[in-house]
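1. Give me a model of this one.
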Amino acid sequence: MKEKELNIPLCGSCALENGAIFKHLTAEQVQMLNFEKEFRQYKRGDELYKEGNRISGFYCIHSGIIKVFKTGFDGKEQIIRFAKAGEIIAYRSVLSNEVACTSAKVIEDCMVCFIPAEILISLVRTNSTYALEMLKLACHELGEANSFITDIAQKTVRERLAEILLFLVNDFGLDDENFLKISLTREELANIVGTATESVIRLLSEFKNDQLVELNGRRIKILDKRGLEKISNVLARS
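-> Next up, the predicted model:
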């Protein structure tokens with residue numbers, strides 16, 4: 001397929017539209033990215049990289065949703081985060097020169113730009129503003145991970161599920177009918193909460209009976225956000 005048909009996004013325009021971290025680059029550095037990157041398209045279920053493997057670059061998401069997860073000894077996934085338009089993944093392994101500590105799989109058809117490792121290293125070395133923003137991003141993700149560990153240790157599964165639903169509302173939003181704009185299987189929800197799929201199915205049924213949510217296949221409609229906030233024991237999210 002010709003490049004024109006692929007409609008490859010330009011890094012400068014993408015950074016402005018999605019708030020990507022590349023907005024901190026100079027015009028010359030953006031031009032270099034446009035020349036060096038590799039544009040890729042993936043379907044739901046495709047795997048971008050796998051933990052334990054060494055990767056030669058990182059990814060910037062132009063559209064779609066990717067789940068980043070770790071796999072336990074029993075083969076069960078623990079979802080760490082979701083990456084969407086304007087976000088980058090796999091950069092930590094590139095900066096630390098270590099094998100990937102997570103895996104990444106597509107849950108909503110996506111378009112991404114793959115950027116070679118040496119480009120990221122060069123940008124960090126030559127652009128102090130960009131380097132600082134990368135540090136802030138890494139610290140933010142570390143803080144999110146610490147909060148997750150605390151929740152796993154101190155909250156019940158019911159509290160964690162309510163909090164995850166609120167997180168999804170905050171991160172992806174609701175459509176005109178108040179359905180979450182992200183569609184997840186019950187197993188994927190369980191892999192975020194850190195529990196068995198059966199537990200999530202049971203709790204969602206309870207939330208439905210309590211008129212907190214409405215279920216339509218994989219789609220979840222939020223009926224009572226305040227009620228979920230009360231269950232989750234977290235302050236209301238903006």
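
2. so residue 94 is in which element?
-> Here residue 94 sits within helix 91-96, counting by DSSP states H and E.

3. Would you confirm that residue 187 contacts residue 197?
-> Yes - the pair residue 187 and residue 197 passes the contact test of Cβ atoms under 8 Å, sitting 4.9 Å apart. Glycine gets a C-beta too; all of them are placed from N, C-alpha and C.

4. List the neighbouring strands of whatever helix or strand comes next after the helix holding residue 94 plus their orientation.
-> For helix 91-96, the following helix or strand on the C-terminal side (DSSP H and E) is strand 103-116. Strand pairing for strand 103-116, using DSSP bridges, gives strand 38-42 (antiparallel), strand 47-49 (antiparallel), strand 57-71 (antiparallel).

5. Name the stretch among those that sits most buried.
-> Of the strands paired with strand 103-116, the one with the most neighbours on average (mean count of other Cβ atoms under 10 Å) is strand 57-71, at a mean of 21.

6. can you give me the offset of that one from its chain's centre?
-> Remark: strand 57-71 is offset 6 Å from the chain centroid, using Cα atoms, centre = their mean, to the nearest Å.

7. residues near residue 124, how many?
-> With neighbours defined by other Cβ atoms under 10 Å, the count for residue 124 comes to 17.

8. Pretty sure it sits against residue 131.
-> Yes - assessed by Cβ under 8 Å, residue 124 is found in contact with residue 131 at 4.6 Å.

9. coming back round to it: can you add distance to residue 160 and mean pLDDT and give the strands paired with strand 103-116 back as CSV?
-> Listed next are these as CSV, based on distance: least, Cβ to Cβ, whole Å; pLDDT from 0 to 100:
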stretch, distance to residue 160, mean pLDDT
strand 38-42, 29, 94
strand 47-49, 26, 96
strand 57-71, 16, 93
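
10. Let me have those strands in JSON lines, extended by distance to residue 138.
-> Compiled in JSON lines, the strands paired with strand 103-116 are given as follows (distance: least, Cβ to Cβ, whole Å):
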{"stretch": "strand 38-42", "distance to residue 138": "24"}
{"stretch": "strand 47-49", "distance to residue 138": "18"}
{"stretch": "strand 57-71", "distance to residue 138": "12"}
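
11. could you give the angle of the top helix by length along the chain to strand 57-71?
-> Longest helix of the chain, by residue count under DSSP state H: helix 128-154. Here helix 128-154 runs at 10 degrees with respect to strand 57-71, directions being taken by axes from the mean of the first three to the mean of the last three Cα atoms, to 10 degrees.
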